[in-house]
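> Only the shape, not the letters, is given here:
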């Protein structure tokens, strides 16, 4: 038995935040029914593709889900989704505010059908405010939230990790589970409102509090980097992460670099730029491998900056048991395992991501549709 066995989730999301959230719920046993339009989610066509309509993105994020199609612009499609929601525990949607209201699928309308339902919306900017109807992807949102101006001189960056999107996925998982727990006590569901902008602000809680504190006390704002907490380039163009926050680690680093005169200056922030330049010059005298050989088995928070391929092939990743593969009917697929580990009811990967509409007939039959009725829905373009 799995932790979420018996929980049915209708995943009507189209992009990363909802897809990842549904994946996590499915990994822990929820019956996740992935609803797409007959044209399919746009992410099916992303590069690279394992086969037509089955991108590696889709395969990664939609495992452990059954897939159906429904066009809510048709009466048959709307009725189908309403029937699913009448018996579901969770509805997960990622449309801009007001869109589903046109089709009688907004929170108020759906809760009238099923008061126990947990209705989770993931949007860019929330249900209210001037930005609620604006389109945005992760890069837009984190820019507005001040999240990709990451260094002390305000240089912007583009991360491979879609921070606001994945952060919102995990907030959605938490919100859904909180609402399900509350339902056990009250008997009724509730709306869960997640948006990427709020997530981006919440992820900066420590930075925001430090900024406020500096304004209140008159201190000079302190960024996330310092001479003892930074990334340094080595002679061969590789990098080392230096996180020597504790004085004992800073002392050992200074000894390794032959800079013992800097030991007492760890908190000399007035000359932080000068100290950083000096350390940078020393790190440039040896290759990354040379520095790692000098460090050996010592532990003082100086580690290599790895490429993704190096990280995946590392001993650390192998010991993490985070990577696995399964022989599927479309070939051998590789997966990243659930990061949440439960001792008694662990998550697992039980099925590949669905082909477009692969389980439509199966799910409709469970709702009581006959073969003739399913055929008529196909003929009218409802599924």
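Great, that's in hand. Quick caveat, the model's predicted, so the values are computed rather than measured. Numbers count the residues shown, from 1 in each chain.

> all strands for the stretch 251-383 of the chain, in order.
For the stretch 251-383 of the chain, the strands defined by DSSP state E, counting those that start in this stretch occupy 302-304, 323-328, 331-336.

> Same question for the stretch 1-150 of the chain.
Per DSSP E, counting those that start in this stretch, the stretch 1-150 of the chain carries strands over the ranges 8-12, 31-36, 49-51, 54-55, 65-69, 90-93, 118-123.

> Compile the ones you listed into TSV and extend it with columns for mean neighbour count, mean pLDDT and distance to residue 300.
Heads up, the C-betas are built off the backbone N, CA and C, glycines and all. Putting those into TSV (neighbours: other CB atoms under 10 Å; pLDDT from 0 to 100; distance: least, CB to CB, whole Å) gives the following:
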stretch	mean neighbour count	mean pLDDT	distance to residue 300
strand 8-12	23	98	45
strand 31-36	25	98	45
strand 49-51	14	95	44
strand 54-55	21	96	43
strand 65-69	23	98	45
strand 90-93	27	98	44
strand 118-123	26	98	41
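
> Same list (those) but as CSV, adding distance to residue 186.
Formatted as CSV, these follow (distance: least, CB to CB, whole Å):
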stretch, distance to residue 186
strand 8-12, 19
strand 31-36, 23
strand 49-51, 44
strand 54-55, 41
strand 65-69, 28
strand 90-93, 16
strand 118-123, 12
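
> Of those, give the one that comes closest to residue 2.
strand 31-36 (10.5 Å; CB to CB).

> Can you list the helices and strands that the closest one packs against?
Judged by 3 or more CB pairs under 8 Å, 6 or more residues apart in numbering; DSSP states H and E, strand 31-36 is in contact with strand 8-12, helix 16-27, strand 65-69, helix 75-87.

> SS state for residue 194?
strand (DSSP: H, G, I helix; E, B strand; the rest coil).

> follow-up on the earlier one: and of the strands of the stretch 251-383 of the chain, who's closest to residue 14?
In terms of CB to CB, the element of those nearest to residue 14 is strand 331-336, at 21.3 Å.

> In the sheet, which strands lie alongside the closest one, parallel or antiparallel?
strand 323-328 (antiparallel) (DSSP bridges).

> Please compute how far the partner strand lies from its chain's middle.
Strand 323-328 sits 21 Å away from the centroid of its parent chain (CA atoms, centre = their mean, to the nearest Å).

> So what touches it?
Contact with strand 323-328 is made by 312, 317, 332, 333, 334, 335, 336, 337, 349, 352, as judged by CB atoms under 8 Å, 6 or more residues apart in numbering.

> Low-confidence regions, the stretch 151-300 of the chain specifically.
Under the criterion pLDDT under 70, the flagged ranges of the stretch 151-300 of the chain are 151-156, 221-223.

> any chance you could map the helices in it?
Along the stretch 151-300 of the chain, counting by DSSP state H, counting those that start in this stretch, helices occupy 163-186, 196-202, 205-217, 247-257, 272-283, 288-295.

> Could you tell me which residues within the first one count as buried?
Residues of helix 163-186 classed as buried by neighbour count (16 or more other CB atoms under 10 Å): 163-173, 175-177, 179-180, 183.

> just stretch 128-142 next, same as before
131, 136, 138, 139, 141, 142.

> what does stretch 327-342 give?
333, 335, 337, 338.

> gap between the two ends of that stretch?
25 Å (CA to CA, to the nearest Å).

> average pLDDT for it?
Predicted confidence along stretch 327-342 averages 96 (mean pLDDT).

> What is the neighbour count of residue 217?
The local packing of residue 217 (other CB atoms under 10 Å) involves 7 other residues.

> so what's it up against?
Contacts of residue 217 by CB under 8 Å, 6+ apart: none found.

> so what's residue 140 closest to, chain neighbours aside?
Leaving aside its chain neighbours, residue 140 sits nearest to residue 124 (7.9 Å; criterion: CB to CB, 6 or more residues apart in numbering).

> Using TSV, please lay out the contacts of strand 323-328 together with distance to residue 245.
Formatted as TSV, those follow (distance: CB to CB, whole Å):
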residue	distance to residue 245
312	28
317	25
332	43
333	41
334	36
335	35
336	30
337	31
349	37
352	44
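
> What is the nearest of those to residue 58?
The nearest member of these to residue 58, counting by CB to CB, is residue 352 at 9.9 Å.

> ok, now how distant is residue 15 from residue 165?
7 Å (CB to CB, to the nearest Å).

> typo on my end, it should be residue 95
Per CB to CB, residue 95 is found 15 Å from residue 165.

> The residue nearest to residue 140 and residue 141 touch, don't they?
Yes - contact status for residue 124 versus residue 141: in contact at 6.1 Å, counting by CB atoms under 8 Å.

> list residues touching both of the two?
Common neighbours of residue 124 and residue 141, counting by CB under 8 Å, 6+ apart, are 196, 197.

> how many neighbours does residue 160 have?
Here the count is done by other CB under 10 Å, and residue 160 has 5 residues near it.

> Quick check: the closest residue in space to it that isn't next to it in sequence vs residue 234, distance?
Among residues not flanking residue 160 along the chain, residue 308 sits closest, at 7.6 Å (CB to CB, 6+ apart). Distance, residue 308 to residue 234, using CB to CB: 19 Å.

> In contact with the residue lying closest to residue 239 once chain neighbours are set aside, which residues?
For residue 239, ignoring the flanking residues on the chain, the nearest one in space by CB to CB, 6+ apart is residue 305 at 3.9 Å. Counting by CB under 8 Å, 6+ apart, residue 305 touches 231, 238, 239, 240, 241.

> So residue 220 sits against residue 269, correct?
Yes - if you go by CB under 8 Å, residue 220 and residue 269 touch, sitting 7.4 Å apart.

> follow-up on the earlier one: please identify the most buried of the helices and strands packed on strand 31-36.
Across the helices and strands packed on strand 31-36, the average number of neighbours (mean count of other CB atoms under 10 Å) peaks for helix 16-27, which reaches a mean of 26.
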